[in-house]
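# sequence and predicted model, in that order:
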Amino acid sequence: MDLYVIGVVLLPLIGFLINGILWDKNNRIVSGTIASACVAGSFVLSIIIFLSVRAASVGERSFLIHFYDWIHVDALKVPMAFLIDPLSSIMCLLVTGVGLLIHIFSIGYMDEEKRPAKYFAFLNLFIFNMLILVLGSSLLTTFIGWEGVGLCSYLLIGYWFEDSKKADAGLKAFLTNRIGDAGFLVGLFFLYKLFGTLNYQDLNVLALSFNSPESLGLLTAGLLGIFIGVCGKSAQIPLYVWLPDAMAGPTPVSALIHAATMVTAGLFVMIRLSNLIILSPTAMAVIATVGALTALIAAIIGTCQWDIKKILAYSTVSQLGYMVLAAGVGAFGGSLFHVLTHAFFKALMFLGAGSIIHALHHEQDIRKMGGLKKTMPITAITFTIGWIAIIGIPPFAGFFSKDEILWSAWAGEHGHFLLWFMGWAAAGLTAFYMTRLMVLTFWTPSRSEHKAHESSPLMTIPLVCLAVLAIFGGLLGIPEVISHGLGIHIPHFLNEWLDEVAYIHVIHGKVSHEIILMLLSVGIAVFGAIAAFLLYGKHQDTRERIVSKAPKFFELVSEKFYVDELYEKMILKPLRLLSESLWKDVDQKFIDGAVNGSNTSIKKLGQGLAAVQNGFFQNYLLFMIVGLIAILTVFVRYI
Amino acid sequence: MTDLLSFFQVSLNHYLALGLILFTLGLAGVFIRKNLIVILMCLELMLNAVNLIFVAFSHYQGIPLGQVYVFFIMTVAAAEAGVGLAIAISIYKRFGTIKMDLLTALKG
């Protein structure tokens, strides 16, 4: 097992080194194949690890692979070790599996690139860091990967760095994440202060025996600190602003990093710490509220965007909100379930969008698309599958995971009607904006200047694979109500699988309630979909009439509630003013003044003294005599 | 009467005062005068002021050693005058003048 784990992690690193060193050999096929092969190897090893974890008996599925002691200072002991358990093994599968498909897709997508080797090198480096994040046995080891994926995200968003706007988007992502990371670190300090360890296994053991109400405040503070980090990485209010801008990067990158894997890192950490989170009702309430609000607000913004990638980006933010909501109401299994299904259908949709953008010569405005159903049949079919999955129509993947979250928000111990309502409304809005996207890109007549064509098999095969996953991914966690209703008992695989490493609490409520809620969520999804279908299809005039009734509101939404402008005014501008005054007043006037002042004063003194040395020897003689007299005086008087 | 006589009698202090005056005159000359020859003369004056004080002490204390020193000093002064004049000639050859306020080659 040790060798497999090392292989899983090191293969992408090797790929990174090969492509990184061969930067001048810019052959897309060669570097793409190297990168994909490395990830493929990693994927195969992940499968082996997953199977061997599965083969172990229940309760003994955690394996600690210890390499060496990384930090050993006084009581702080951080080993460099990997923790193989049900959670990390399934995340490994996700990262390498989806990663592999996206690598393959990239070979087709990046066909006009000048520096493909660099691109693939970064992509491999990302996989490497993500695996460290997932496999790390302590919060600090995870933090290495956490920072590493942040770096790769920055590098890949700004991949087309010649365009300063794209480079700025990378910078924005990096800086916003920095704020979150600071919170994450503070959270680490609190947890260390409280528990004296950062290892997940120890933390989980200590959490089970935790019963000191007086240190609950410290625990809550630590968890909220970590949650700030989660807000940054998983794009929650108020730090979500970087994710829509991150769409400046190549589309496969958006699919891999900004939809399927990196942004779910925050959820991963929360599931890892689920036994701690469940102890603090305050932290749970904050997490659930932030998640629900993010789900709703991002969905609202998504309805008024025109850029296909921006729509998907806000959709991602909204879906991440669902996952955080799930964690906040104690449904950590549901959270991971949605991480997985969302990774499938959102990666699918992003890659589909990539396929479209590629075919339309980098046109991203959905108003200039249309009619792609005929010209790009495979993309259209797979995209449609993703669409059904995300809006939550059974039996596609999205339905099960979203339903589990909504059910927990309603009936869970930490749930609340309002949380459920926000999630439910967001589900309707999701259906609305996604259908709007489908109508404008695929089903209405073409408005494009370019003649679209179906993409190469390199791009369509990953789409098909992801589509299959998007259809069947839901089978990982079929709710009891349905399986019992069908008269067969299908175990909820995911919850049973996670039971020994995370807090899993299956809610048994009234069956009738659960079924009514399911019908309600499917109902609002269908309603949203039909509304969008009509408003953007036949009844455009009705839509315009609605918009003209409240133009202010729609402007507000399409301008994303002016959040960026607000941050600019409230935070960035004062910060810039402060920095400028520090620069001009403190640094230039005071510090530089002191430094230059000492320089000029010495210089002045030197000039003054130089006047003494005027070349007249009688002057020198005078000084000598005066000095002699002074010395003699001192001798005579005092000695 | 004896007081008056002793008042007019030349005492050690008189010699010392004269020596001091001569020495100060010489020193002032060294500082102020511009001509190198005059400066050398002033140096001689200073030396001789010292000589005077040596002889005076020697006489009043009855120790002849001071007078022996004076001989040596006179010899050295003669040699010094020779060297000084030689330098003066060299300076004149090199710079064309022996006015010390024009010679500022030592200026830093």
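Looks like it arrived, so ask away. Because the structure is predicted, anything quoted here is derived from the model rather than measured. Numbering: from 1, shown residues only, chains lettered A, B, ... in the order given.
# tell me where chain B has strands.
For chain B, applying DSSP state E gives no strands.
# so, low pLDDT: which residues of it?
Along chain B, the model assigns pLDDT under 70 to residues B:1-2, B:6-7, B:106-108.
# in it, which residue is closest to the centre?
Chain B has B:M46 as the residue nearest its centroid, 1.7 Å off, counting by CA atoms, centre = their mean.
# wait, what's in contact with that one?
B:L22, B:F23, B:G26, B:L27, B:V30 (CB atoms under 8 Å, 6 or more residues apart in numbering or on different chains). For the C-beta atoms, the positions are set from N, CA and C on the backbone; glycine is no exception.
# ok, now B:R33?
With contact set as CB under 8 Å, 6+ apart, B:R33 has these partners: B:I39, B:C42, B:M100.
# please repeat the previous calculation with a cut-off of 6 Å.
Counting by CB atoms under 6 Å, 6 or more residues apart in numbering or on different chains, B:R33 makes contact with B:I39.
# for it, what are phi and psi?
Main-chain torsions, B:R33, degrees, to the nearest 10: phi -70, psi 150.
# now A:I71
Backbone torsions of A:I71, given as degrees, to the nearest 10, read phi -120, psi 130.
# helix, strand or coil for the residue of chain A found nearest chain B?
Nearest residue of chain A to chain B: A:G615, at 2.9 Å (CB to the nearest CB). Classification of A:G615 using DSSP: H, G, I helix; E, B strand; the rest coil returns coil.
# what helices and strands are in contact with the helix ranked longest in chain B?
In chain B, ranked by residue count with DSSP state H as the criterion, the top helix is helix B:65-95. For helix B:65-95, the elements it packs on are helix B:36-61, judged by 3 or more CB pairs under 6 Å, 6 or more residues apart in numbering or on different chains; DSSP states H and E.
# nearest residue to A:K193 other than its sequence neighbours?
A:L218 (6.7 Å; CB to CB, 6 or more residues apart in numbering or on different chains).
# hmm, I typed the wrong one, I wanted A:G145.
Spatial nearest neighbour of A:G145, excluding adjacent residues (CB to CB, 6+ apart): A:L133 at 2.8 Å.
# any idea which element the one you found lies in?
Following DSSP states H and E, one finds A:L133 within helix A:116-135.
# and the next helix or strand past that helix?
That would be, after helix A:116-135 and using DSSP H and E, helix A:139-157.
# how far out from the middle of the chain is whichever strand or helix holds A:K374?
Assigned by DSSP H and E, A:K374 falls within helix A:372-375. Distance of helix A:372-375 from its chain centroid, counting by CA atoms, centre = their mean, to the nearest Å, is 32 Å.
# what about A:G509, which SS state?
Once three-state DSSP is applied, A:G509 turns out coil.
# the closest residue in space to A:M459 that isn't next to it in sequence: neighbouring residues, count only.
Using CB to CB, 6+ apart and skipping residues adjacent in sequence, the residue nearest A:M459 is A:G108, 3.9 Å away. Using other CB atoms under 10 Å in any protein chain shown, A:G108 has 22 neighbouring residues.
# quick check: A:G108 touching A:I461?
No: here A:G108 does not reach A:I461: they are 9.1 Å apart, not a contact under CB atoms under 6 Å.
# dump the residue contacts of B:K34.
So B:K34 contacts B:K99, B:M100, B:D101 (CB under 6 Å, 6+ apart).
# PyMOL command for the buried members of the residues you listed?
This is how PyMOL selects the buried members of those, with burial counted by 16 or more other CB atoms under 10 Å in any protein chain shown:
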select buried, chain B and resi 100
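# list, out of the contacts of B:K34, those positioned next to chain A.
The subset of the contacts of B:K34 within reach of chain A, by CB under 6 Å from any CB of the partner chain, is empty.
# adding distance to A:F50 as columns, could you present the contacts of B:K34 in CSV?
Putting the contacts of B:K34 into CSV (distance: CB to CB, whole Å) gives the following:
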residue, distance to A:F50
B:K99, 105
B:M100, 101
B:D101, 101
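# just name the closest of the contacts of B:K34 to A:H362, please.
B:D101 (85.9 Å; CB to CB).
# show me what contacts the closest one?
So B:D101 contacts B:K34 (CB under 6 Å, 6+ apart).
# do you know how far it is from B:S90?
B:D101 is 18 Å from B:S90, where distance means CB to CB, to the nearest Å.
# got the residues of chain A near chain B?
Proximity of chain A to chain B, by CB under 6 Å from any CB, involves residues A:Q613, A:N614, A:G615, A:Q618, A:L622.
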